[in-house]
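1. I would like to see how this sequence folds:
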Amino acid sequence: MNTPAILALEDGTLFHGRSLGAAGLAVGEVCFNTNAAGYASVLTDPAYRGLLVAMTYPHVGNVGMSAVAAESAAAQPSGLSARDLSLIASSWRAEQSLQDYLVANGVVAIDGIDTRKLTRLLREGGAQRGCIMVGAAVDPDAAVAQARGFAGLQGRDLVAEVSTAQPYQWLRGSWQLSDGVADSPERDPASLPWHVVVLDLGVRRSLLRQLVDAGCRLTVLPARTSVAEIQVLQPHGLVLAGGPGDPAACGYAIDTVRQLLAQDLPILGMGLGHSLLALACGASTFKMKLGRHGANHPVQDLVTKRVEIVRLSYGFAVDEATLPAELQVTHRSLFDHSLQGFRHGQRPVLGFQGEPVAGFDPRQPAAQIASFLELMAAAK
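-> Residues are numbered from 1 along each chain as shown. Predicted structure coming up:
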């Protein structure tokens, strides 16, 4: 319970706290997440692969962990940092405490640190490599050396670590509460008019549920699926979903998308898929000084002027100056006016950097999904 732990940054900065997760050490790129809630989603979101996540909200873990909040079947970040990790799970649907989940899933975690100072350091100096070390005899010098020895994320294909190994069908919509029990029964495929292939780059389950709510029966395929294997399924559309790391490292997926673009298959790229679409069209990407991680980012549709609050999890961005003329910018962040979405001028293709926050009315599809349905209807 009181095992010492340290978080060491590559610049030599040390944060001393206690361990509330698995034993050992973890290395990765340190990022901060600005969610006031939703830590369970962050811990299971494949977009956080290779990252040491620091939660800016001070009190984390008070509702425990449950399958309802899981975005994948595994814990994804390399490690977790917080000001105060709750030892008590005060929720009727909690299946285990956060601490028990971290230990069971091998996630190294530290609490009791000054996350405000950590956030300021990262905001002013940019992302850093880090190491969380746990044990009765933690060695600060060794922890700093471990942080500096981390190879970083640039050029690393993290999609290969999170994509499904085998194709599968997904027919489950939003969670429903029945007799005090949360359930997500499979829908009748006959009631879902659109057959959509999802190329799994690290897809979140919440996005799969939103697509089913919108009337899509889903076939989820590994990231290295060939064009021929996609074509034989005769889908109405393709979704490039989720994903961690450097999009330029996924050359196989970029090649697949480039070939499909020429066939006028309706495509929706979200998260990493947004970047892969841009790369397939001839744009380039770059490593950001500081990524964007949180579920509270305001993004504006430049046509309707409507503002959405979306979830962002990325550290590599599309270089807007390299966008080809056929890609028209459709969305911008209201924080820094950065590129958040585009539409292809000649083909049925949409890209969106974020993802609508789960919990919207399933009778009203998110704007990006509604636009994707329109593209499929026009193509059909």
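
2. and the helix or strand encompassing Gly351, what does it pack onto?
-> Following DSSP states H and E, one finds Gly351 within strand 349-352. Counting by 3 or more C-beta pairs under 8 Å, 6 or more residues apart in numbering; DSSP states H and E, the packing neighbours recorded for strand 349-352 are strand 267-270, helix 272-280, strand 327-333, strand 339-344, helix 367-379. Glycine gets a C-beta too; all of them are placed from N, C-alpha and C.

3. just want the angle from the third one to strand 339-344.
-> Which is strand 327-333. Angle between the axes of strand 327-333 and strand 339-344 is 150 degrees (criterion: axes from the mean of the first three to the mean of the last three C-alpha atoms, to 10 degrees).

4. show me what counts as buried in strand 327-333.
-> By 16 or more other C-beta atoms under 10 Å, the buried positions in strand 327-333 come out as 327, 330-333.

5. got the residues you listed as JSON lines, with distance to Ala248 and pLDDT columns?
-> Shown next, in JSON lines, are the buried residues of strand 327-333 (distance: C-beta to C-beta, whole Å; pLDDT from 0 to 100):
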{"residue": "Leu327", "distance to Ala248": "17", "pLDDT": "98"}
{"residue": "Thr330", "distance to Ala248": "23", "pLDDT": "98"}
{"residue": "His331", "distance to Ala248": "22", "pLDDT": "98"}
{"residue": "Arg332", "distance to Ala248": "23", "pLDDT": "98"}
{"residue": "Ser333", "distance to Ala248": "22", "pLDDT": "97"}
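
6. and the furthest pair within those residues?
-> Leu327 and Ser333 (17.2 Å; C-beta to C-beta).

7. related to what we said a few turns ago, between the buried residues of strand 327-333, which is nearest Asp84?
-> Once C-beta to C-beta is applied, the member of the buried residues of strand 327-333 that ends up nearest Asp84 is Ser333, at 30.0 Å.

8. where's that closest one relative to Asp301, distance?
-> Look at Ser333 and Asp301: by C-beta to C-beta, to the nearest Å, they are 12 Å apart.

9. try Leu272
-> 21 Å.

10. give me the more crowded residue out of these two.
-> Leu272 (31 against 17; other C-beta atoms under 10 Å).

11. quick check: angle from the top strand by length along the chain to strand 339-344?
-> Longest strand in the chain, counting residues (DSSP state E): strand 285-301. For strand 285-301 against strand 339-344, the angle by the same axes, to 10 degrees is 80 degrees.

12. nearest residue to Arg292 in space, please, no chain neighbours.
-> Excluding the flanking residues, the one nearest Arg292 by C-beta to C-beta, 6 or more residues apart in numbering is Leu312, at 4.2 Å.

13. doesn't that neighbour fall inside a strand?
-> Yes. Counting by DSSP: H, G, I helix; E, B strand; the rest coil, Leu312 is found in a strand.

14. just use 15 as the starting number from now, easier for me
-> Noted, 15 is the first residue going forward, which turns the last one into Leu326.

15. so for Leu235, which of the helices and strands packed on strand 363-366 sits nearest?
-> helix 286-294 (13.0 Å).

16. ok and the closest one relative to strand 299-315, angle-wise?
-> Using the same axes, to 10 degrees: helix 286-294 against strand 299-315 is 120 degrees.

17. can you name the residues in contact with helix 286-294?
-> Contacts to helix 286-294, defined as C-beta atoms under 8 Å, 6 or more residues apart in numbering, come from residues 61, 173, 213, 215-216, 253-259, 261-262, 264, 267-268, 271-272, 275, 281, 283, 299, 328, 330-332, 337, 341, 355-356, 363, 365-367.

18. and the longest strand of the chain, which strands flank it?
-> Using DSSP bridges, the strands paired with strand 299-315 are strand 321-332 (antiparallel), strand 341-347 (antiparallel).

19. quick one: that strand to helix 381-393, angle?
-> Taking the same axes, to 10 degrees, one finds strand 299-315 and helix 381-393 inclined to each other by 90 degrees.

20. please point out which parts of strand 299-315 sit buried.
-> Quick answer for strand 299-315 (16+ other C-beta under 10 Å): 299, 301, 305-311, 313-315.

21. now do the residue nearest to Gly257 when sequence neighbours are not counted, the pLDDT please.
-> Counting by C-beta to C-beta, 6+ apart, Leu286 is the residue found nearest to Gly257 once chain neighbours are left out, at 2.7 Å. With respect to pLDDT, Leu286 has a value of 97.

22. how far away is Leu286 from Val173?
-> 7 Å.

23. overlap of the contact sets of the two?
-> 215-216, 257-259, 264.

24. just the ones of these in helices?
-> Among these, none falls in helices (DSSP state H).

25. which residues of the stretch 115-264 of the chain score low on pLDDT?
-> 192-196 (pLDDT under 70).

26. all strands for it, in order.
-> 122-125, 142-148, 182-184, 190-192, 195-197, 208-214, 230-235, 251-255 (DSSP state E, counting those that start in this stretch).
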